[in-house]
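Peer 1: Based on what follows, work out the 3D shape:
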Amino acid sequence: MKNKTQNKKFKSTSFQVIVAVVALVFLFLSFIPIILMLILSVKSNAQIYSDFWSLPTQLHWSNYNKAIGMLIPNMINTMIVVSIATFITVLLSANGGYVFAKLNFPGKNILFFAILALMMVPGVLTLTPQYTLMQTYGIYNTWWALILPWVSGGQVFGILLCRTFMQELPTEVFESARIDGCNEVKSLFKMAIPLSKPILATIVVMKMIDYYNDFIWPLMAIESNSKQVITVAIRVFQSASGAVDIGSMVAGFVFATIPLLILFSGTSRLYMEGLTSGAVKG
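Peer 2: The predicted structure follows:
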């Protein structure tokens, strides 16, 4: 009996070790592109073409000086546009989630499922209608051409998450506030939103990453490089340098990645808390 127990423990431990080793191998493989990107960003063209996989014999930090000098205006554009679009998206998502979670009105469920149906439409199918609308409204080649489509599409999933989370908030608290004379606007901003910080933080992280990484729509909607975001600006930088200055091009990729790393490292706890406490509740 004792031997059987020891064998079970040994098999269980062996299996856990194998799983851990496999996980570490895949983790290392996933970091290879990042490591390679960092290495290439400090190599000269001569080093890259002579031996692509070797470590740099001399660090060329001038690649970063050139890339940052060219891309910093576009990075500022990106931070401004993404921040505005994310703020509006979170505000509308919280408002919509509160309405569908705590208010009763005719056709509420039908309207909610109609909004969710928008998630079934592939984003690529809306590019041409959106482009036509931006031209019609006269906001083509402006930041509003980015902000408005981002917000209109981004709030759909946000409403779903907020509704799911806010349904779990005690209804008695909101009813007591109404009895005391608190209107719905005050209930939203002074009760629902403060209590929903985890799920709102989740939406902030998700939407900022989505908007920051968007490439196709900014390429279509913004014509002037002075108003362009960094994802498209890197393409222009790449096209301008091409094989002439690969090190600076890759340094631009590293520079564009830094804000996302800072964002996620600073909000990962709230992001995971929001996913586990709000998105999985039924």
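Peer 1: quick one: which helix or strand includes Thr57?
Peer 2: Under DSSP states H and E, no helix or strand contains Thr57.
Peer 1: tally of neighbours for it?
Peer 2: Neighbours of Thr57 under the rule other Cβ atoms under 10 Å: 11. All C-beta atoms are positioned from the backbone trio N, CA, C, and that covers glycine.
Peer 1: same check, this time on Ala256
Peer 2: Using other Cβ under 10 Å, Ala256 has 21 other residues around it.
Peer 1: SS state for Phe31?
Peer 2: helix (DSSP: H, G, I helix; E, B strand; the rest coil).
Peer 1: Contact partners for it?
Peer 2: Phe31 makes no contacts at all, as judged by Cβ atoms under 8 Å, 6 or more residues apart in numbering.
Peer 1: Okay, now the unreliable bits of the stretch 151-282 of the chain?
Peer 2: Counting by pLDDT under 70, the stretch 151-282 of the chain has low-confidence residues at 236-244, 268, 270-282.
Peer 1: What ranges does it have for its helices?
Peer 2: Counting by DSSP state H, counting those that start in this stretch, the stretch 151-282 of the chain has these helices, from start to end: 171-179, 184-187, 193-195, 197-213, 216-221, 230-241, 246-274.
Peer 1: Equivalent analysis for the stretch 1-150 of the chain, please.
Peer 2: With DSSP H, counting those that start in this stretch, the ranges of helices along the stretch 1-150 of the chain come out as 2-40, 45-50, 62-102, 108-117, 127-137, 144-166.
Peer 1: export the ones you listed to a markdown table and tack on distance to Pro218?
Peer 2: Putting those into a markdown table (distance: least, Cβ to Cβ, whole Å) gives the following:
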| stretch | distance to Pro218 |
| --- | --- |
| helix 2-40 | 22 |
| helix 45-50 | 29 |
| helix 62-102 | 9 |
| helix 108-117 | 25 |
| helix 127-137 | 12 |
| helix 144-166 | 6 |
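Peer 1: wait, which of those is closest to Leu263?
Peer 2: Among the helices of the stretch 1-150 of the chain, helix 62-102 comes nearest to Leu263, with 9.9 Å by Cβ to Cβ.
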